[in-house]
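A.B. asks: With the input below, show me the fold.
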Amino acid sequence: MVKERILFMCVRNASRSQMVEGFFRDFYGDKFDVFSAGSDPQEIDPIAVQVMDEIGIDISKQASNSLKDYEGQEFDYVVIICGNEYNSCPFFFGGKKLFLECLKDIYPFKGTEKEEIRLQREIRDEIGDWIQDFYNYKICDATYNEPNCCDLKTNTQNDADDDKPCC
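C.D. replies: Predicted coordinates:
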């Protein structure tokens, strides 16, 4: 089975896109080769690593990559992650399908470490919920042939031997 390729990108590739990559790889890594990159990559935020580890997803070995690392490569899906007025959305040529998602950004948070951990946990939990919706309603709905995915037009799961409702 050839895996589809998905690229999540943002500006710094230090927190949100790293969490998204970790969640997507954990949930759907058997079907996808998962990548993340930034237009201005920075070191991975150690608090992002910590809060993901709290839920059993290890992103400590992921790398903060530049979009330039993927120039000329083709992806089935490219997801641009933007967040707030402090950054602009990067762009990448090389995706068959392009999505834009606004997710809360930690930058330029100013506060105590305890407050930052609380905010990173909130962002992590929002990303965890979003990534499942994104997969079910954007990717599976577009292909209609993934088993155990929701087909929104018929409100059924795409199982050959089962026509039960998915919602």
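
A.B. asks: The residue most central in space within the chain: what's it in contact with?
C.D. replies: The central residue of the chain, meaning the one whose C-alpha is nearest the mean C-alpha position (Cα atoms, centre = their mean), is Val20 at 3.1 Å. Applying Cβ atoms under 8 Å, 6 or more residues apart in numbering to Val20 gives the contacts 8, 36, 79, 81, 103, 127, 131. For the C-beta atoms, the positions are set from N, CA and C on the backbone; glycine is no exception.

A.B. asks: wait, isn't Asp105 in contact with Ser17?
C.D. replies: No: counting by Cβ atoms under 8 Å, Asp105 stays clear of Ser17, with 10.4 Å between them.

A.B. asks: on that earlier part again, mind checking pLDDT for the residue nearest to the centre of the chain?
C.D. replies: Looking at Val20, its pLDDT reads 97.

A.B. asks: And for the one 3 residues further on?
C.D. replies: The predicted local distance difference test score for Phe23 is 98.

A.B. asks: Please enumerate the strands of this protein.
C.D. replies: According to DSSP state E, the chain carries its strands in the segments 4-10, 32-38, 75-82, 95-102, 150-151, 156-157.

A.B. asks: quick one: which of the ones you listed is nearest Gln50?
C.D. replies: The closest approach between Gln50 and any of the strands of the chain, judged by Cβ to Cβ, belongs to strand 32-38 at 18.0 Å.

A.B. asks: Report the buried residues of the closest one.
C.D. replies: Neighbour counts using 16 or more other Cβ atoms under 10 Å place 32, 34-38 of strand 32-38 among the buried residues.

A.B. asks: got the angle for the longest helix belonging to the chain vs strand 4-10?
C.D. replies: Scanning the chain for the helix with the most residues, using DSSP state H, yields helix 113-134. With axes from the mean of the first three to the mean of the last three Cα atoms, to 10 degrees applied, the angle from helix 113-134 to strand 4-10 works out at 140 degrees.

A.B. asks: Pick the most buried one from the strands of the chain.
C.D. replies: strand 4-10 (a mean of 24; mean count of other Cβ atoms under 10 Å).

A.B. asks: That one pairs with which strands?
C.D. replies: The strands that strand 4-10 pairs with in its sheet are strand 32-38 (parallel), strand 75-82 (parallel) (by DSSP bridges).
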